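**Q** here is the input, now give the coordinates:
(chains A, B and C)
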Amino acid sequence: MKDKFKRIFKGGLGQLTIPIIAIVLLVIFNLIRDPSFFSIGISHNNDGNIVLAGNLISIINGASELAILAMGMTLVTAACGGQDISVGAAAAIAGSAFVKILKASSAITWPTVIAAFLFACVVAMLFGTFNGTLVSVFKIQPMIATLILYTCGRSIAYWINGGATPTVSSPIINALGSFIPGIPVPTPVIIVIVVALVFKLVFQLTSLELFTQSVGINGSAARLNGINSTFIKLLSFIILGVCVAVAGCIGVSRLGLINHETLLLDVEMDAILAVAIGGNNLGGGKFKISGSIIGAYVIQMLTITLYAMKVSSTDVKAYKAIVIIILVVIGSPVIKSKFEKLTRKLRSNKQRVPAKGAE
Amino acid sequence: MNKEKKFFKEPLTDTQLLMTIAIGIFFVMYLLAMAILRGGFLHPQQIFDMLNDNASLIIVSCGLTIVMIGGGIDISVGAVTSLVVMSCVLYLNKGGNIFVSILLALGIGLAFGLVHGYLISYLEIQPFIVTLAGMFFARGLTTILSVNPQKVDHEAFAALRGVKIEIPWLGYYAKNGNLIPGTVELGVVIALVCLLTVFVLLTWLKPGRNFYAMGGNQQSALMLGINVKRTRFLSYVICGLLSGISGYVFMMHTGAGNATNAAGMEMNAIASSIIGGTLLTGGVGNVIGTLFGTLILTTIKKIIVSSALNKPWWQSITTGGMLCFFILLQSIVLWVRAKLRAKKKK
Amino acid sequence: MQDNALLQMRKINKVFPGVKALSEVDFTLRKGEIHALMGENGAGKSTLIKVLTGVYQMDGGEITVDGEKIVIRSPQDAQNNGISTVYQEITLCPNLTVAENMYIGREENVFVRRRYYEKKADKILTELGIPARSTQQLGSCSLAVQQMVAIARAVDMKCKVLILDEPTSSLDDKEVNLLFNLMRDLKSQGVGIIFVTHFLEQVYEVCDRITVLRNGELVGEYLTEELPQVELVAKMIGKDLDELSNLGEMEEKTEVDSEVFYEAQSLSSSDALPFDFKIHKGEVNGFTGLLGSGRSESVRAIFGADKVTGGHVRIKGEDVKITRPIDAMKHGIGYLAEDRKRDGIIADLSVRENIILALQVMKGFFKPISRSEAEAFADEYIDVLNIKTASRETPIGSLSGGNQQKVILARWLLTHPDYLILDEPTRGIDVGTKLEIQKLVLKLAEEGVSVTFISSEVEEMLRTCSRLIVMRDRHIVGELKGADLNQAQVMKTIAGGESENEG
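**A** You can find the predicted model right below:
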């Protein structure tokens, strides 16, 4: 433990610097603007339960689907060096599958919900396999391979439910989407924590993290060490599929209905941004899931901050764009090298003695 | 080396082969539609309508083809188109001048192209992120300008909109026996002019050939003396400019500005280019193929509408399926070709 | 200043962080001369060429062309001064036509007159005897032809100095002849040609003069007819015997007659011609030969690193099929690749993660090595191999080349292989550590591990190997053991020994 502390102290936060700075800046900005912004209150929700409320809670709650998708997207980005732009459409498909099973069952009980969720998982994993095969076997760029599902995914979701936007009302679904009676923390937030823990567990019990990073950083060396790159890339898409299913089901549970057009619309862009803000290299390689999670909350906080400043939901996009540009410009290799040259000049001039036959 | 086969003509380059496949598929599809589905397909006006409705798409697809040949991508074209429409509509409604409105359209497109080009080429930021931000920015600005739809209320513009070119021989007989000639909007003419210009650029002009070189092998292009940074910059600027033109043509077609205009246009443009034989990895592509790519996409939509598969979701699903088919086709054709070449070399 | 000196490079210096790549190197090229530039890896050949072509800026020295001092800051500058280069990797665009590749980047005006350029190109192609049509897509031509098109482009730009960087690596004999005729043609036109290659016969066939570099320094410039092959080889890879005598006694190596661990018949891959090979338990053997002779390709075929196209392999007497690295690893074979940057290190990962990588792959997906175990392994090997790193968590990319090599070595040692293949393990490592690695190799052999050791420094291999396979131009040309294991015999065999195996 002391080792870790020393490391952070000496070496800075490394990859997590930008997302944490971003959060800190947003928090400070909001506190200055409105000191009561982050107050957490206790109130009663519609069902008469005691719940936590306040801006902070709605930020963390609202970013749940995004955080989960960002976690899966990080893995795909790390292994394949590209992004999956179909996650929103795929979530709509998963949500539709979820609803279809619920509607088909006579009564909605915990077992039916679990069955429906598993069905949604399988469906999402199948589509993940489709995308993954295009990328790992046919060597198609991820962005283009997933363009296919992006184009027709929502229509497939529409088709699954026969052209309707069916609703599901049930106390269980309601609990999943908002609050489980007796637990003041919103359920989606709990689900995010569970998913994050599952990821941690997977990384603990398998060598997925090491293999994925190796494939992403140096595919040739990874192969020469016996790693099956095709399998790893395919696996990353399948895992993303599970995340998609979870996100889709949460989305459905919140509203109690599935609307293929609007469910998690444009979330893929936010997910990619979350991964980038989290300090992960969009070209693949070393990654930190925690960075992407923080990145998701940064985006959500940015959005809510803008809403609080009375920016309309349609205009938010423009402001988001500016923030993105600033972030990527700072992170661009050209700017980075100029910055490094500057800091090198400012530091002491220690001449490196050139030696023959390197050490 | 001495056992050269006798060719009548040069074997097709990758570009030409993929384009030929696209054109072929279009004709086959259309002819089948004419034979099996009959109805609207038998009237030449169908094709004219397809062009009328997609003039702006054709224009942005040309821009996207250029960028993709150079090895990049631009997903902001739809958003920029929409922004141009809204801006020009509002400007004209305030009593503006037609010529200035045209300049406004070009200016907005150009501005986006310049910024994208600079960030991507000189600051070396990934094109996807830069143009994603551009897309967000343009969409956001559109709603900031006006959340509600706006119709154009401008005399000169209405006159411009009304310009239709009649094609005498190809028409259809109305119920009363009169021959109604086929009509093509001004926008289509503009689109075809743009198409032709880009074709000339890519085939015969130095900057155009440089795009191919850069996309084919960036390192080589650099060694061959091409200013790669400038070439890349130029490709995004041209794409931006074409987005501006497309916006104006869009406005001429619909006569109104709306925040949801051109939604998804960028993906349709990318799909058109891919179907038409443009490779995402760069170096291969042809605007004639892209034109047919657009026509294929529209034809599918029309076939779906006319046929039994009339449910609203089939359109996207078949478009997606078509896209998948062409992406795999590209991948396989090139892989087979490479293998054949390797065999020949040994 | 010599009379018909076309190009003069004087006292060229080039320093990279931690390495002096070129030290006071002189090079002279005369008009109408074909001049070979030779040297092993790390000799400085490619650095010198890159300085001349503007890819690198030199840190000291001067360059004159036709008597005028020039400054070269970019490839464009080199071009403008009449210096053209044709690289080993094709620097043309395969998606464009032959004619376009010849003229792109230097068309006169904006409008490209395709017919005009195609006609022009055809004329040059026929003049130079290049079998290609100007309207062909370059990608459809063989590599040899692509190379020649690149030369044609250089020639058309009226270059004074033409640099050919390893042009014959992928050509067959007929194509090489074609190339040589072209070169002789250009020579008669007064063009000076710098021919960078490692194929000895070709040097003697077509070059007038030879310049040899070693360890960033000039060894000398010689007239081809005055320098016998054996001497050339000695100058390229011979080592200063003084330096070595301080390193201690060479161990006595006994003849190994234990069981055969690995045996291959007619093993071939996409890059290696069919060859036979066997190694005994506890034996140390080496592959020697000049750069490009096929040593690395052969061992890669053994490890399954390249696409294996044929052959019969037996391990401990049983037939096995090795087509991928994981197959080899499962049979107890380890492989330290020659190009550690491309094939070895995972740059952004830590020293610890790099060390445990191969072992982890062998253990499988579901048995992760725990953090504490990994840390223990890392610490152990950091100590044993004396790896200089700030901590075990430092990204390997920030270590010096030599230490990176040690980490990769640790990686394979950790897997406790039965057969370890080391391809240039001592490249870029200090002299003291080189000795340690050699001692380590001998210790492994004592413990029953078979080792294949490839090094450009013959002396190293003589100290550790009990058997040396000599390769030249992708064929095995000799196998030395016992009394034949000395520098002189090695040089002789490389330079022109009897072929024991017809490839």
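
**Q** okay, CA-based contacts and neighbour counts for the rest of this
**A** Noted.

**Q** where in the stretch 101-250 of chain C is pLDDT low?
**A** Screening the stretch 101-250 of chain C residue by residue with the criterion pLDDT under 70, one finds the ranges C:170, C:237-250.

**Q** and the closest residue to residue C:187 other than its chain neighbours, how close does it get to chain B?
**A** What sits nearest to residue C:187 in space, not counting adjacent residues and going by C-alpha to C-alpha, 6 or more residues apart in numbering or on different chains, is residue C:32, at 4.4 Å. As for residue C:32, its distance to chain B is 25 Å (criterion: C-alpha to the nearest C-alpha, to the nearest Å).

**Q** surely residue C:32 touches residue C:189?
**A** Yes - if you go by C-alpha atoms under 8 Å, residue C:32 and residue C:189 touch, sitting 6.8 Å apart.

**Q** neighbour count: those two, which is higher?
**A** Taking other C-alpha atoms under 10 Å in any protein chain shown, residue C:32 and residue C:189 do not tie; residue C:32 has more neighbours (23 against 12).

**Q** a strand runs through that one, doesn't it?
**A** No - under DSSP: H, G, I helix; E, B strand; the rest coil, residue C:32 falls outside any strand and is assigned coil.

**Q** and the residue nearest to the spatial centre of chain B, how far is that from residue C:343?
**A** In chain B, the C-alpha nearest the mean C-alpha coordinate belongs to residue B:61, at 1.6 Å (C-alpha atoms, centre = their mean). Separation of residue B:61 from residue C:343 (C-alpha to C-alpha, to the nearest Å): 40 Å.

**Q** how about residue B:258: what's its closest non-neighbour residue?
**A** residue B:149 (4.4 Å).

**Q** distance of residue C:416 from residue C:328?
**A** Residue C:416 is 13 Å from residue C:328, where distance means C-alpha to C-alpha.

**Q** go on, residue B:301?
**A** Distance from residue B:301 to residue C:328, by C-alpha to C-alpha: 54 Å.

**Q** when these two are compared, which one has more neighbours?
**A** More crowded of residue B:301 and residue C:328, by other C-alpha under 10 Å: residue C:328, with 21 against 18.

**Q** ok, the more buried one touching residue C:304?
**A** Yes - counting by C-alpha under 8 Å, residue C:328 touches residue C:304, with 6.7 Å between them.

**Q** name the residues contacting each of the two.
**A** Counting by C-alpha atoms under 8 Å, 6 or more residues apart in numbering or on different chains, the contacts common to residue C:328 and residue C:304 are residue C:322.

**Q** and residue C:80, what's its pLDDT?
**A** With respect to pLDDT, residue C:80 has a value of 84.

**Q** and the helices in the stretch 1-150 of chain B?
**A** B:14-36, B:44-69, B:77-93, B:98-117, B:127-145 (DSSP state H, counting those that start in this stretch).

**Q** and what of the stretch 251-359 of chain A?
**A** A:267-277, A:289-308, A:316-331, A:333-346.

**Q** any chance of TSV for those helices, columns distance to chain C, mean neighbour count and mean pLDDT?
**A** Formatted as TSV, those follow (distance: least, C-alpha to the nearest C-alpha, whole Å; neighbours: other C-alpha atoms under 10 Å in any protein chain shown; pLDDT from 0 to 100):
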stretch	distance to chain C	mean neighbour count	mean pLDDT
helix A:267-277	17	26	87
helix A:289-308	16	23	88
helix A:316-331	17	19	80
helix A:333-346	15	12	79
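
**Q** how about the nearest residue to residue B:275, chain neighbours excluded?
**A** Residue B:275 sits nearest to residue B:293 (C-alpha to C-alpha, 6+ apart), 5.1 Å away.

**Q** give the contact list for that neighbour.
**A** Residue B:293 touches B:22, B:271-276, counting by C-alpha under 8 Å, 6+ apart.

**Q** quick one: residues contacting the residue nearest to residue C:187.
**A** C:186-193.

**Q** let's see that with 10 Å instead.
**A** C:4-6, C:160-161, C:183-193, C:208 (C-alpha atoms under 10 Å, 6 or more residues apart in numbering or on different chains).
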